[in-house]
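Participant: 3D model of this:
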Amino acid sequence: TPSLKEGAGAQPRVPIKAQSSKVMSLRNLTSLDQLSWKQRLYLFLEDETSGRFAFLFGNFITFSILCSIVVVCVETMDGPNHYVEAGADVRQARYPFLASEETYGVFEIMFTVIFTGELGL
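Facilitator: Okay, the predicted model is just below:
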């Protein structure tokens, strides 16, 4: 007989681990040899616990995202893009310790390549 919480026509609750999902169904296979290269790539990108390299790759992408955010925030500080007039034709940065505009361009290209490569996989 169903319990009072479930009601007469209610379906019993299925635990989260028992719910079907693509990652769970792929992980339940006995061997990675049974998977196609597309399924192995999917598992590598979506499940950090699927292997050592998947864990390292996931952490690398997370670190890249955080670094990208920091670079964008630092770039908006009053640094290489904003100068103070010190003389007739002489300009001096308020924060000379910040990176130059070219350095920020290199960071943008580097993060674009990383994120596009990850998205393309």
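Participant: Now tell me what touches the helix or strand containing Gly105 from outside.
Facilitator: Assigned by DSSP states H and E, Gly105 belongs to helix 101-120. The contact list for helix 101-120 (C-beta atoms under 8 Å, 6 or more residues apart in numbering) reads Leu45, Ile61, Ser64, Cys67, Ser68, Val71, Glu75, Pro80, Asn81, Ala99. Any C-beta I mention is one placed from the backbone N, CA and C, and that applies to glycine too.
Participant: Grab the nearest non-local neighbour of the fifth one.
Facilitator: In other words, Ser68. Phe111 (4.6 Å; C-beta to C-beta, 6 or more residues apart in numbering).
Participant: Identify each buried residue in stretch 43-58, please.
Facilitator: Leu43, Phe44, Asp47, Glu48, Ser50, Ala54, Phe57, Gly58 (16 or more other C-beta atoms under 10 Å).
Participant: Pull it out as PDB, backbone CA atoms only.
Facilitator: This file holds the C-alpha atoms of stretch 43-58, laid out as PDB (Å, rounded to 0.1, in the frame of the first residue of the first chain):
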ATOM      1  CA  LEU A  43      32.600  11.800 -20.700                       C
ATOM      2  CA  PHE A  44      36.100  13.500 -20.600                       C
ATOM      3  CA  LEU A  45      34.600  17.000 -21.000                       C
ATOM      4  CA  GLU A  46      31.500  16.600 -18.800                       C
ATOM      5  CA  ASP A  47      32.600  14.500 -15.900                       C
ATOM      6  CA  GLU A  48      35.800  15.500 -14.100                       C
ATOM      7  CA  THR A  49      35.700  12.300 -12.100                       C
ATOM      8  CA  SER A  50      36.100  10.100 -15.200                       C
ATOM      9  CA  GLY A  51      39.900  10.300 -15.100                       C
ATOM     10  CA  ARG A  52      43.000  12.100 -14.100                       C
ATOM     11  CA  PHE A  53      43.300  14.100 -17.300                       C
ATOM     12  CA  ALA A  54      39.600  15.000 -17.200                       C
ATOM     13  CA  PHE A  55      40.100  16.400 -13.700                       C
ATOM     14  CA  LEU A  56      43.200  18.400 -14.800                       C
ATOM     15  CA  PHE A  57      41.400  19.700 -17.900                       C
ATOM     16  CA  GLY A  58      38.300  20.700 -15.800                       C
END
